[in-house]
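Enquirer: quick one: sequence and predicted model below, then my questions.
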Amino acid sequence: MIPAAWTCLLSPLAAALLITLAGTRISRRGAAYLATASVFVSFVAAVVSFAGLLGDSPKQRYHASTLWSWLTAGQLDFGLRIVVDPLSIFMMLVVSGVGMLIVAYSIGYMEGDDEERRYFAYMALFVFSMLLLVQAGNLLILLVGWGLVGLSSYLLIGFWHERPAAIAAAKKAFVMNAIGDATMALALFMLIQRTGSLNFEDVFAQTDQLGGSWAVNLIALGLLGGAVAKSAQLPLHTWLPDAMEGPTPVSALIHAATMVTAGVYLIVRTAPLFEQAPRVLELAAGLGAITLVMAGLIALVQTDIKRVIAYSTMSQIGYMFMAVGLGAFANGEFHLLTHAFFKALLFMAAGLVIHALAGEQDIRKMGGLRRLMPFTFVAFVVGTLSLTGIPPFSGFFSKDSILAAALDHGWYGQLLWIAGMAGTFLTGLYASRLFFIVFWGEPSPFVREHLMASSHAHAREGHASHNGHETHEHAGEGPFSMTATVGLLTVLAAIGGFLQFAEVWTPVSDWLAQVAPPLVEATGVQEAISSVLAVLLGLAGLGIGWSIYGARTSEAPRVAWLQTLLERKFYFDELYDAAFYRPSVWVAHALGRWIERPLVFGSVRELSEGLRELGLGTGRLQTGLVRTYALAIAASLAVVTVVFVAVR
Amino acid sequence: MGPDIVWYLAVATFLFCTGALGVLIRRSPLIVLLSLEIMLNGANLALIAFSRHYAQGDGQIFALTVMAVAASEVVVGLGLIVAIARKKLDLDVDKLSTLRG
């Protein structure tokens, strides 16, 4: 089981290195297949480890393995250490499974791009980093993985480096994440100081002594800072929508299915620590609730197909944060799983649309794709229903048990429950808006031009035309690698929820209970109330969306200031600009003007002038006449001698 | 025993001062070198006189070292003088003042 886990971890790294080192000696397709194969190997290895873990009795499902001592400082010794336990296996399966499908999807999506090799090397690097993050056996290795996923996310957002917007988005993502990394590092320093170790079991064994102190609250807060930044929750969320500048499979893999859920994983992984800091957990739940409502509202007015889904991602991660914040760790992880299915599906279906429409992402230009892309249509229907939480699709099972858990947490939980319910309604509304605008009605002129005319042109010329990224056209809805993976994910999103049906059938919760036992237990009644209400609200959202955007029987209410507020995303970017960017620019200018120029430059100039004067003065002593030198030496010797004699 | 050490030192001082005077007031590099030699020999005489006076060999060994240094110095100095003469420059140390600051 341990060798399998190492294989799982190292196989994508090997692929990334191989593609990088091989350079042009490997064909573009070769790089694509190599990356896919390596992630497939990872998935198989994860399944093997899973099978091995299944064979153990539940109490003994914890295996650690250290390759070598990685960092030694005084008493501290951090090994290159991985842990195989139910939680890490769960995440390994999600990361490598969904990752495999998305990398395979990329084979078709990225075909014809100039830098395919670089893309696939980055993708493999990302999968490695993410696996390192979830398999890490101590918090230091986890932080390394944490930083590496940030790096690969940065590289992939900025993959199309000739677009200034992509570069700006990549930098933004990196900086925002760096804030979280910093708070996390501070938390780790405090942990080292308090417990003298970063190994999970050593740290958790000592959390009781930390209990309730301000230190444990600070540590939890620092970890939460990292989680919030990585998972794009309020107030460090502004990078995620911009990250949609990257290729669509990247958005599906990194910014929907895996990396952005790392924050949820971190909280579940360090649950014993967080349990000692209940206020911080409640803060996490509150942030999640605010984010899920806010992102849902913003998603209502976005016009970029990927940005709508990005805000939806933020909203769904808000649910996960709510779940783990309430102590319903398994429910949060289960939602992470189903969300990985249906959100990757939505992104990849959107990718099919974008691919077919020559890179266009503006939904106002789309419409009536239902008949032109029937396969994508079906995939999108499943994704939308699953996202909204309509039974029997997967979102229903996971989201409703989160809401039920909220009811079991006093008045604060009820507050969150109301937010979650509002979020369900908003989810239905924005999901149906997106769906009906893109797929319903008559084909728009833009769609007609691209999908109908281009298929004629394609038939005539017999080859794909390249005029930019994402712009090669195909007969049908996309190459096999894309449609097949979307089909698989459609099935998973449709039936994935049956893994767990709260109260009746709870394998996921049982599986994870050993690592992070839940703090709340929702009763059957609470489950039932939440499910029924959530489904009704979701349906209401869908219905209103249908009447506005599908049947067009009613007008969307227009409130000018509200719309501006939402289109401006609650002015967060402007706020950060005014609060951080502008003051620092001002300070820099002021320092340059009042400090650097007069003091630094001035003093250097003064100093050099003075030295020059001094040099010229001394230079005059140098006559070039040997005899004066000799005289000077003789005279000084005489003086020295006289002084010596006199002193004696 | 020979004469008192004071005599030796007087001669040494006389030699040294003669040499120093020569270095300071003569302008021909050849004479300057010669005067330098006289200075060195004055110093050598003092070393050997003290060596005898204290009945220790150190001073004599040091005098040998000084002779070796003097010999190599003459090699360099004469070489320079020959080089100057080859360039048909005046043999006058005051005119070789390129290094003036």
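Expert: Nice, I can see it. Please read all numbers here as calculations on a predicted model, not as lab measurements. Numbers count the residues shown, from 1 in each chain, chains lettered A, B, ... in the order given.
Enquirer: now find how far off-centre stretch A:17-37 is within its chain.
Expert: Remark: stretch A:17-37 is offset 25 Å from the chain centroid, using C-alpha atoms, centre = their mean, to the nearest Å.
Enquirer: report the buried residues of it.
Expert: By neighbour count with 16 or more other C-beta atoms under 10 Å in any protein chain shown, stretch A:17-37 contains the buried residues A:18-20, A:26, A:28, A:30-37. C-beta: built from backbone N, CA, C; applies to glycine.
Enquirer: please name the residues that touch A:S38.
Expert: A:S11, A:P12, A:A14, A:A15, A:A124, A:V127 (C-beta atoms under 8 Å, 6 or more residues apart in numbering or on different chains).
Enquirer: what about A:L434, helix or strand, and which?
Expert: helix A:410-439 (DSSP states H and E).
Enquirer: tell me the mean pLDDT over that helix?
Expert: Average pLDDT, helix A:410-439: 87.
Enquirer: which parts of that helix are buried?
Expert: For helix A:410-439, by 16+ other C-beta under 10 Å, it's A:413, A:416-417, A:419-439.
Enquirer: what's the answer for stretch B:59-76, then?
Expert: Neighbour counts using 16+ other C-beta under 10 Å place B:G59, B:F62, B:A63, B:A70 of stretch B:59-76 among the buried residues.
Enquirer: now do the helix or strand the last one falls within: distance to the chain's middle.
Expert: When you say that, I think you mean B:A70. B:A70 belongs to helix B:58-86 when assigned by DSSP H and E. Chain-centre distance of helix B:58-86: 9 Å, with C-alpha atoms, centre = their mean.
Enquirer: packing partners of that helix?
Expert: helix B:29-54 (3 or more C-beta pairs under 8 Å, 6 or more residues apart in numbering or on different chains; DSSP states H and E).
Enquirer: could you say what helices and strands the helix it packs on packs with?
Expert: Against helix B:29-54 (3+ C-beta pairs under 8 Å, 6+ apart) you get helix B:5-25, helix B:58-86.
Enquirer: I'd like to know which helix or strand in chain A has the lowest mean pLDDT.
Expert: In chain A, no helix or strand scores lower on mean pLDDT, DSSP states H and E than helix A:454-461, which sits at a mean of 44.
Enquirer: what about the helices in the stretch 301-450 of chain A?
Expert: A:305-326, A:329-356, A:369-372, A:374-388, A:394-407, A:410-439, A:445-447 (DSSP state H, counting those that start in this stretch).
Enquirer: same thing with the stretch 451-600 of chain A?
Expert: Counting by DSSP H, counting those that start in this stretch, the helices of the stretch 451-600 of chain A are A:454-461, A:480-495, A:507-513, A:524-545, A:560-567, A:572-576, A:582-590.
Enquirer: what would the ones you listed look like in CSV with distance to A:E111 and mean neighbour count?
Expert: Conversion of the helices of the stretch 451-600 of chain A to CSV gives the following (distance: least, C-beta to C-beta, whole Å; neighbours: other C-beta atoms under 10 Å in any protein chain shown):
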stretch, distance to A:E111, mean neighbour count
helix A:454-461, 15, 12
helix A:480-495, 9, 21
helix A:507-513, 37, 19
helix A:524-545, 35, 19
helix A:560-567, 35, 12
helix A:572-576, 35, 14
helix A:582-590, 43, 11
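Enquirer: of those helices, which is nearest A:L287?
Expert: A:L287 lies closest to helix A:572-576 among the helices of the stretch 451-600 of chain A, at 13.7 Å (C-beta to C-beta).
Enquirer: show me what that closest one is in contact with.
Expert: A:P235, A:H237, A:T238, A:R568.
Enquirer: go again using 7 Å as the cut-off
Expert: A:T238, A:R568 (C-beta atoms under 7 Å, 6 or more residues apart in numbering or on different chains).
Enquirer: can you pull the residues of chain A lying near chain B?
Expert: A:G619, A:R620, A:L621, A:Q622, A:T623, A:G624, A:L625, A:V626, A:R627, A:A630, A:L631, A:A634 (C-beta under 7 Å from any C-beta of the partner chain).
Enquirer: the same query, at a cut-off of 6 Å, please.
Expert: In this structure, chain A approaches chain B at residues A:G619, A:Q622, A:T623, A:G624, A:L625, A:V626, A:R627, A:A630, A:L631, A:A634, judged by C-beta under 6 Å from any C-beta of the partner chain.
Enquirer: helix, strand, or coil at the third one?
Expert: Going by DSSP: H, G, I helix; E, B strand; the rest coil, the secondary structure assigned to A:T623 is coil.
Enquirer: from B:L99, how far out is it?
Expert: In this view, A:T623 and B:L99 are 9 Å apart by C-beta to C-beta, to the nearest Å.
Enquirer: next: the second one.
Expert: Look at A:Q622 and B:L99: by C-beta to C-beta, they are 6 Å apart.
Enquirer: and if you look at A:I82?
Expert: 71 Å.
Enquirer: more neighbours, these two?
Expert: A:I82 (24 against 11; other C-beta atoms under 10 Å in any protein chain shown).
Enquirer: what sits closest to that one if chain neighbours are left out?
Expert: A:Q135 (4.4 Å; C-beta to C-beta, 6 or more residues apart in numbering or on different chains).
Enquirer: show me the contacts for the one you found.
Expert: A:L9, A:I82, A:S88 (C-beta atoms under 6 Å, 6 or more residues apart in numbering or on different chains).
Enquirer: the same query, at a cut-off of 10 Å, please.
Expert: A:5-6, A:8-9, A:46, A:49, A:65, A:81-85, A:88-89, A:91-92, A:95, A:141-142, A:145 (C-beta atoms under 10 Å, 6 or more residues apart in numbering or on different chains).
Enquirer: same deal with A:W440?
Expert: Contacts of A:W440 by C-beta under 10 Å, 6+ apart are A:G367, A:G368, A:L369, A:R370, A:F377, A:S432, A:W546, A:Y549, A:G550, A:A551, A:R552.
Enquirer: nothing else from me, thank you.
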